[in-house]
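Enquirer: Sharing a model prediction with you, sequence too.
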2 protein chains.
Amino acid sequence: MKELSERSGVPVPSIKYYLREGLLDPGEATGATQARYDGRHVERLRLIRVLREIGDVPVARIAAVVRAVEDESLPLQDLLATAHHALGPEPPEGQPSTTRGEVLGHLRAAGWDISTKAPALDVLAAALDALRTMWGPDVGPEVFDRYAAAAFDIASTELDSVDATGGRSATVQQIIVGTVVFEQALVALRRLAQEHHSHRRFASGDAG
Amino acid sequence: MKELSERSGVPVPSIKYYLREGLLDPGEATGATQARYDGRHVERLRLIRVLREIGDVPVARIAAVVRAVEDESLPLQDLLATAHHALGPEPPEGQPSTTRGEVLGHLRAAGWDISTKAPALDVLAAALDALRTMWGPDVGPEVFDRYAAAAFDIASTELDSVDATGGRSATVQQIIVGTVVFEQALVALRRLAQEHHSHRRFASGDAG
């Protein structure tokens, strides 16, 4: 276990905790106090570490993702939804059901093939409600159209680069990393790009 | 104050709390227990409500944004950085300084005009460190290039639509709403678009 800790960068007490919580298979017992762990344990621990450190994902939610990965009866196309559900932000409390239906209808009319249960719909509906709080009730879901177009292209490239031939576990790991790590990167890059463009625009506005 | 609460949708005890914390100017006193509030109070309260409900932004951070908005000596091009700093995720603990320098250098080489202090650089560096944990040390900052290109275009359109003629307060409100609300929308839309594309790809892959 000491070696596993060194190779994964996860402290021994955390490994013991993950074993107890079922996030990690027990190693093959080789004695009363010894067990053999393999490369899959290292890989799993690195995934958990990334989710904990970068995504700040609670252990219970990681456990839900792990269960889904290991449930071979769950079709691959449902895994992404499960990962999103487990890794996503909590949907806001209460049911903004009218707005939710509005954004779903708007995206479906644009040809998006998405389930009614997608937790991201709650987030999008809450964002539209927020804009209406600020700008009035006339704001419609088309306010998101340019973001939807950009997101559509990004996601298409992302799914193109998922290599489904590497087996279920590798595919799932790619999807989870994509969901958590590249989401953080995209948000950070948008803020940096805003800074770049605002330097250009407001600075030249002051000068002229 | 009761009317202010009704118009803004913020409960009276919260309004009193925001007054104590300096998030809101006191109204014009019209008697011992009465004060007059105007449209700016309503607007400010709606902004606070959105930040609290959608962005889950702590009151202390909202106070930092409010101070920056009201500090007329702060140039407009610095306000965005201040808002990002106050509204952004906490930078990860510890200093991933080598990686941070790498991503900054990579973006500057691509022509991005960004400050060394931008908190989003910490987020981006942490994302790169996470990818290296998973995929090995050879992953370079160019792994983010397609996201950077998309973010660059999104931010350009966003800044084009900021109407700086409406006065400092209106501009700042647009920037804050853009930072918090459209960020949530973009993240949600990317997840929904991933779901759409994964339905298409994995489902057709299964079928043949």
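Expert: Here it is on my side, so go on.
Enquirer: how far does stretch A:141-157 sit from the chain's center?
Expert: 17 Å (CA atoms, centre = their mean, to the nearest Å).
Enquirer: So for that stretch, mean pLDDT?
Expert: The average of the pLDDT scores along stretch A:141-157 is 94.
Enquirer: Could you list the buried residues of that stretch?
Expert: By neighbour count with 16 or more other CB atoms under 10 Å in any protein chain shown, stretch A:141-157 contains the buried residues A:141, A:143-144, A:146-148, A:150-152, A:154-155. Bear in mind the C-beta positions are built from the backbone N, C-alpha and C, glycine included.
Enquirer: what about it and chain B, touching?
Expert: Yes. Under the criterion of CB under 8 Å from any CB of the partner chain, chain B is reached by stretch A:141-157 at A:144, A:146-148, A:150-157.
Enquirer: Identify the farthest-apart pair in the residues you listed.
Expert: Within the residues of stretch A:141-157 next to chain B, A:144 and A:157 form the most distant pair, 19.8 Å apart (CB to CB).
Enquirer: and the gap between the closest residue to residue A:57 other than its chain neighbours and residue A:64?
Expert: Of all residues not flanking residue A:57 in the chain, residue A:51 sits nearest, at 4.3 Å (CB to CB, 6 or more residues apart in numbering or on different chains). Going from residue A:51 to residue A:64 by CB to CB, to the nearest Å gives 11 Å.
Enquirer: Now the helix or strand where residue A:150 lies - C-alpha only, CSV.
Expert: In this assignment (DSSP states H and E), residue A:150 forms part of helix A:145-161. Only the C-alpha atoms of helix A:145-161 are listed here, as CSV (Å, rounded to 0.1, in the frame of the first residue of the first chain):
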residue,chain,number,x,y,z
ASP,A,145,-28.0,31.0,-28.9
ARG,A,146,-24.4,32.1,-29.5
TYR,A,147,-23.2,30.1,-26.5
ALA,A,148,-25.2,27.1,-27.7
ALA,A,149,-23.5,27.3,-31.1
ALA,A,150,-20.1,27.5,-29.5
ALA,A,151,-20.8,24.7,-27.1
PHE,A,152,-22.2,22.5,-29.9
ASP,A,153,-18.9,22.8,-31.9
ILE,A,154,-16.7,22.2,-28.8
ALA,A,155,-18.7,19.1,-27.8
SER,A,156,-18.5,17.7,-31.3
THR,A,157,-14.7,18.0,-31.4
GLU,A,158,-14.6,16.5,-27.9
LEU,A,159,-16.7,13.5,-28.7
ASP,A,160,-14.7,13.0,-32.0
SER,A,161,-11.5,12.6,-29.9
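Enquirer: Could you measure from the spatially most central residue of chain A over to chain B?
Expert: Taking CA atoms, centre = their mean as the criterion, residue A:179 is the residue nearest the geometric centre of chain A, at 3.1 Å. Residue A:179 sits 7 Å away from chain B, going by CB to the nearest CB, to the nearest Å.
Enquirer: isn't that residue right next to residue A:83, touching?
Expert: Yes. With contact defined as CB atoms under 8 Å, residue A:179 counts as touching residue A:83 (5.8 Å).
Enquirer: Between residue A:51 and residue A:64, which has more neighbouring residues?
Expert: Applying other CB atoms under 10 Å in any protein chain shown to residue A:51 and residue A:64 shows that residue A:51 carries more neighbours, namely 25 against 16.
Enquirer: ok, and for the helix or strand hosting the more buried one, which residues are buried?
Expert: For residue A:51, the host element (DSSP H and E) is helix A:39-53. For helix A:39-53, burial by neighbour count (16+ other CB under 10 Å) applies to A:41-53.
Enquirer: can you map out the helices along chain A?
Expert: Remark: helices assigned in chain A by DSSP state H are A:2-8, A:12-20, A:39-53, A:59-70, A:76-87, A:97-109, A:120-135, A:145-161, A:168-177, A:183-207.
Enquirer: Just the C-alphas of the shortest one, formatted as PDB.
Expert: Once non-C-alpha atoms are left out, helix A:2-8 reads as follows in PDB (Å, rounded to 0.1, in the frame of the first residue of the first chain):
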ATOM      1  CA  LYS A   2       3.000   2.300   0.600                       C
ATOM      2  CA  GLU A   3       4.100   1.800  -3.000                       C
ATOM      3  CA  LEU A   4       0.500   2.400  -4.200                       C
ATOM      4  CA  SER A   5       0.500   5.600  -2.300                       C
ATOM      5  CA  GLU A   6       3.800   6.700  -3.800                       C
ATOM      6  CA  ARG A   7       2.800   5.800  -7.400                       C
ATOM      7  CA  SER A   8      -0.600   7.500  -7.200                       C
END
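Enquirer: Residues contacting that helix, please?
Expert: Helix A:2-8 is contacted from outside by A:10-12, A:15, A:27, A:37, A:41-42, A:45-46, A:49, using CB atoms under 8 Å, 6 or more residues apart in numbering or on different chains.
Enquirer: Go ahead and measure how far it is from the middle of the chain.
Expert: 26 Å.
Enquirer: just the third one next, same as before
Expert: Averaged C-alpha coordinates place helix A:39-53 at 15 Å from its chain's average position (CA atoms, centre = their mean).
Enquirer: ditto for the second one
Expert: A distance of 24 Å separates the centroid of the chain from that of helix A:12-20, by CA atoms, centre = their mean.
Enquirer: Packing partners of it?
Expert: With contacts taken as 3 or more CB pairs under 8 Å, 6 or more residues apart in numbering or on different chains; DSSP states H and E, helix A:12-20 sits against helix A:2-8, helix A:39-53.
Enquirer: could I get the ones you listed as TSV with distance to residue A:70 and mean pLDDT?
Expert: Below are the helices and strands packed on helix A:12-20 laid out as TSV (distance: least, CB to CB, whole Å; pLDDT from 0 to 100):
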stretch	distance to residue A:70	mean pLDDT
helix A:2-8	19	89
helix A:39-53	10	86
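Enquirer: okay, these in CSV with distance to residue A:127 next?
Expert: Shown next, in CSV, are the helices and strands packed on helix A:12-20 (distance: least, CB to CB, whole Å):
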stretch, distance to residue A:127
helix A:2-8, 37
helix A:39-53, 25
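Enquirer: Thanks again, I'm all set now.
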